[in-house]
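Trainee: Whatever this is, show me its structure:
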Amino acid sequence: MNRTALRSLVPWLTLLLMGGCGGSGADTTSTTSAATTTSSTTIPTTTSTLAGTTTTSEEELPGEPIDFGPRAGDEVAVVGVAHDDVLNVRDAPGTDSEIVAELASTATGLIATGRARSLPESIWFEIDVDDVTGWVSSAFVGYLGLTDDATAEVIAALGETPEAETMLDLGLVVAEVMASDEPPSRIVMSVAPVVGDLGEVTYDVVGLGDDALGGVRLHVFGEAAEGGEGFILSNVERTVICSRGVTDDGFCL
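Mentor: Prediction:
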């Protein structure tokens, strides 16, 4: 899964990003850029439920029903949402519908009902989470698959072990290695930097131009550079974000 290989793949998530990033398709609360965010506060992965809701009949829903997206009973996760943002769960497809819950940037355990709707500029999936049923923008959910060590791949691509002044910057360097140029990937800091024995930060890279591999989640670790100023890459844990489904072994379908 090096950068060259990723560029050659053909899209599923590209369609979702066209409907889910910007305009009426975007349905997260803030628009903070990962490249400019400096907060070190992480949002828990739990779901904040605002109100209960019930399933609405097909005739009452906006848009058109489509045979697309996760199957009923499949578990998906929030992806591509900034660490200081939430994903809105709504009582019907569309950003004009009432918000019934808010999901953190790394929330998991969203169970698909199998229903999907197409609006003019976005696609929406119905999910169950924490006793709430609602609709989420398809651009911000995916299957989490296999996790591997991508450290050697990053170093090989750069020709050296990267260093940066902050963990935010170091993570961005790693994310850009994994991103594709065409279609352009969306790079989002999903977990803000923390520093202990090692520095840590997590970036989501979504939109790789592949109908199976929707993106990657990169958990980047850095050691303090000599002299205590800046960080040098220690290792990179990469989790694949699958678009159509995931096997028991964690591979994208």
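Trainee: Next up, the contacts around the residue most central in space within the chain.
Mentor: Among the residues of the chain, residue 79 comes closest to the average C-alpha position under Cα atoms, centre = their mean, at 1.9 Å. Listed by Cβ atoms under 8 Å, 6 or more residues apart in numbering, the contact partners of residue 79 are 140-142, 144, 190, 204, 206, 214-215, 217, 241. C-beta coordinates here come from the backbone N, C-alpha and C atoms, glycine included.
Trainee: Narrow those residues to those in helices?
Mentor: Among the contacts of residue 79, no member falls in helices (DSSP state H).
Trainee: how close does the residue nearest to the centre of the chain get to residue 137?
Mentor: 11 Å (Cβ to Cβ, to the nearest Å).
Trainee: next one: residue 108
Mentor: 17 Å.
Trainee: do the same with residue 105
Mentor: For residue 105 relative to residue 137 (Cβ to Cβ), the value is 14 Å.
Trainee: Likewise for residue 65?
Mentor: Distance from residue 65 to residue 137, by Cβ to Cβ: 17 Å.
Trainee: quick one: which of the two has more around it?
Mentor: residue 137 (28 against 11; other Cβ atoms under 10 Å).
Trainee: from what I can see the more buried one touches residue 122, true?
Mentor: Yes. If you go by Cβ atoms under 8 Å, residue 137 and residue 122 touch, sitting 5.9 Å apart.
Trainee: now the strands: where do they sit in the protein?
Mentor: Applying DSSP state E to the chain gives strands spanning 47-49, 64-65, 75-78, 87-90, 99-103, 110-119, 122-129, 132-137, 141-149, 163-164, 186-195, 199-206, 213-224, 231-242.
Trainee: Show the buried residues in the contacts of residue 79.
Mentor: Buried by 16 or more other Cβ atoms under 10 Å: 140-142, 144, 190, 204, 206, 214-215, 217, 241, out of the contacts of residue 79.
Trainee: Closest one of those to residue 112?
Mentor: The nearest member of the buried ones among the contacts of residue 79 to residue 112, counting by Cβ to Cβ, is residue 141 at 8.6 Å.
Trainee: give me every residue that touches that closest one.
Mentor: Contacts of residue 141 (Cβ under 8 Å, 6+ apart): 70, 76-79, 87, 110, 125, 127.
Trainee: Could you list the domains of this protein?
Mentor: 13-141, 145-242 (automatic domain parsing).
Trainee: Out of the ones you listed, which gets the lowest mean score?
Mentor: Among those, domain 13-141 carries the lowest mean pLDDT, a mean of 77.
Trainee: which one of the contacts of residue 79 sits closest to residue 224?
Mentor: Among these, and counting by Cβ to Cβ, the member closest to residue 224 is residue 190, at 23.3 Å.
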